[in-house]
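Engineer: Quick one, fold the following:
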Amino acid sequence: MKRAVCPGSFDPITYGHLDIIERASAHFDQVVVAVLENRTKASLFTVAERIEMIRKTTSKFSNVIVDSWSGLLVDYCKTNSVQAIVKGLRAVTDFDYELQMAQVNLQSGIETMFMATAPAHSFLSSSLVKELAHYGGDVSSMVPTNVNAALKAQVARK
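Structural biologist: Numbers count the residues shown, from 1 in each chain. Reported below is the predicted structural model:
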């Protein structure tokens with residue numbers, strides 16, 4: 001079974017993320033969406049909340065599962081029999097950083113595959129979505145309905 005992982009913080013998941021996940025699911029028997037547990041980074045949503053949002057938005061893909069990880073991604077891949085990491089690239093600036101990580105991961109025997117983000121989503125980032133939502137901007141075209149509702153509720157609490 002060929003397995004790939006789409007890693008990220010997904011705080012929150014956007015249509016850009018979903019585009020990469022959907023396209024990866026067409027090329028692998030199973031795709032794991034792995035949510036990073038990073039205790040040093042302040043997140044808007046807990047890992048459990050992010051996992052639940054992702055599960056709801058990826059439920060239409062029978063070969064996509066959602067998990068979390070902390071530590072080195074290559075260790076997660078080896079432990080879970082994942083052969084490839086799939087990363088979306090929006091711009092050259094993404095490539096500079098991701099190429100270095102891919103080369104380090106390859107030393108551990110894990111391939112990285114890059115997918116160009118669809119032009120309609122090339123400007124999207126979770127940071128942008130959170131910033132817009134914080135100031136009451138409409139992000140409904142950038143995130144799934146359940147994520148938009150969660151963003152509105154989270155902003156209202158703060």
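Engineer: Now tell me what touches stretch 123-142 from outside.
Structural biologist: Residues outside stretch 123-142 that contact it (Cβ atoms under 8 Å, 6 or more residues apart in numbering): 9-16, 44, 90, 117, 143, 148, 151-152, 154-155, 158. In short, each C-beta sits where N, CA and C put it, glycine included.
Engineer: for A91, what are its contacts?
Structural biologist: S122.
Engineer: And it, how close does it get to V104?
Structural biologist: According to Cβ to Cβ, to the nearest Å, A91 and V104 sit 21 Å apart.
Engineer: By mean pLDDT, point me to the weakest helix or strand of this protein.
Structural biologist: The helix or strand of the chain with the poorest confidence is helix 92-107; it has a mean of 91 (mean pLDDT, DSSP states H and E).
Engineer: helices and strands around it, which ones?
Structural biologist: strand 84-89, strand 111-116 (3 or more Cβ pairs under 8 Å, 6 or more residues apart in numbering; DSSP states H and E).
Engineer: Can you list the strands that the first one pairs with?
Structural biologist: Spelled out, it's strand 84-89. Strand 84-89 has the following sheet partners, assigned by DSSP bridges: strand 3-8 (parallel), strand 111-116 (parallel).
Engineer: one step back: what's next to the least confident helix or strand of the chain, contact-wise?
Structural biologist: Against helix 92-107 from outside (Cβ under 8 Å, 6+ apart): L73, V74, I85, K87, G88, L89, E111, T112, F114.
Engineer: Next one: the nearest residue to the third one once chain neighbours are set aside from A26, what distance?
Structural biologist: Going back to what we said before, that points to I85. Counting by Cβ to Cβ, 6 or more residues apart in numbering, I85 lies nearest to T112, which is 4.5 Å off, once chain neighbours are set aside. Separation of T112 from A26 (Cβ to Cβ) stands at 18 Å.
Engineer: All set now, cheers.
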